[in-house]
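J.: next come a sequence and a model predicted from it.
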Amino acid sequence: MNEKPHDTTTAQAFQEVIATHKGILLKVAKTYCPDLTERQDLVQEMLLQIWLAFPRYNAQFKISTWLYRIALNVAISFYRKNTSQKNQQAVLQSTWQSTEEDSEKNTQLQLLEQLIEELNELDKALIILYLEDKSHAEIAEILGLSTTNVASKIGRIKEKLKKKFSTLKTD
């Protein structure tokens, strides 16, 4: 990438990358920020940080991996700042539309989202990437962990979620 962050070529390349991969930012923001207004602020902060880092992008790495790393780091910082300010727990808002046929599925999905919301920052990042069908190697690269560590942490998180999910469903 060009070292001049404000030239036309860089701006166009940035816009293309964001247009292609905006789903990454939206998914990460939705997981870390239940409030729509705060989520929009978080996405803006992610965009700013990506723009500032864009001239330093190393093309030997996948752009999606690089974007996930920045988005997760910004989201975790944002989450910590907002959690310390508000000290409240909010349930993730579901983006799936509810119909009578799938209301049970939506209920279960909302419960799963709530349980994911209760995880610590690292576990939340791990499960987001896992649910995005990222390989353990990709997750390890994004989060700076070993592949073995990723595999064992994901196993523990899944077991924890499964126990909580079954406990809540039987209540």
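T.: That came in fine, so what should we check first? Residues are numbered from 1 along each chain as shown.
J.: in this protein, which helix or strand is least confident?
T.: Confidence across the helices and strands of the chain bottoms out at helix 103-117, with a mean of 75, counting by mean pLDDT, DSSP states H and E.
J.: residue closest to the middle of the protein?
T.: V28 (2.4 Å; Cα atoms, centre = their mean).
J.: helix/strand/coil for it?
T.: helix (DSSP: H, G, I helix; E, B strand; the rest coil).
J.: so what's the residue lying closest to it once chain neighbours are set aside up against?
T.: Distances taken as Cβ to Cβ, 6 or more residues apart in numbering put A71 closest to V28, at 4.3 Å, once the chain neighbours are dropped. For the C-beta atoms, the positions are set from N, CA and C on the backbone; glycine is no exception. Going by Cβ atoms under 8 Å, 6 or more residues apart in numbering, A71 touches 24-25, 28-29, 46, 50.
J.: neighbouring contacts of stretch 35-47?
T.: 18, 25-26, 28-30, 32-33, 70-71, 74-75, 78, 82, 90, 93.
J.: could you chop this protein up by domain?
T.: Per automatic domain parsing, the structural domains of the chain span 1-90, 99-171.
J.: quick one: low-confidence ranges for the chain?
T.: Low-confidence segments of the chain, defined by pLDDT under 70: 1-6, 82-106, 169-171.
J.: same thing but at 50, please
T.: 1-5, 84-85, 87-101 (pLDDT under 50).
J.: and the helices in it?
T.: Assigned by DSSP state H, the chain shows helices spanning 8-32, 36-53, 63-86, 103-117, 121-131, 136-143, 147-170.
J.: what packs against the fifth one?
T.: In this structure, helix 121-131 makes packing contacts with helix 8-32, helix 63-86, helix 103-117, helix 136-143, helix 147-170, judged by 3 or more Cβ pairs under 8 Å, 6 or more residues apart in numbering; DSSP states H and E.
J.: sweet, I'm off.
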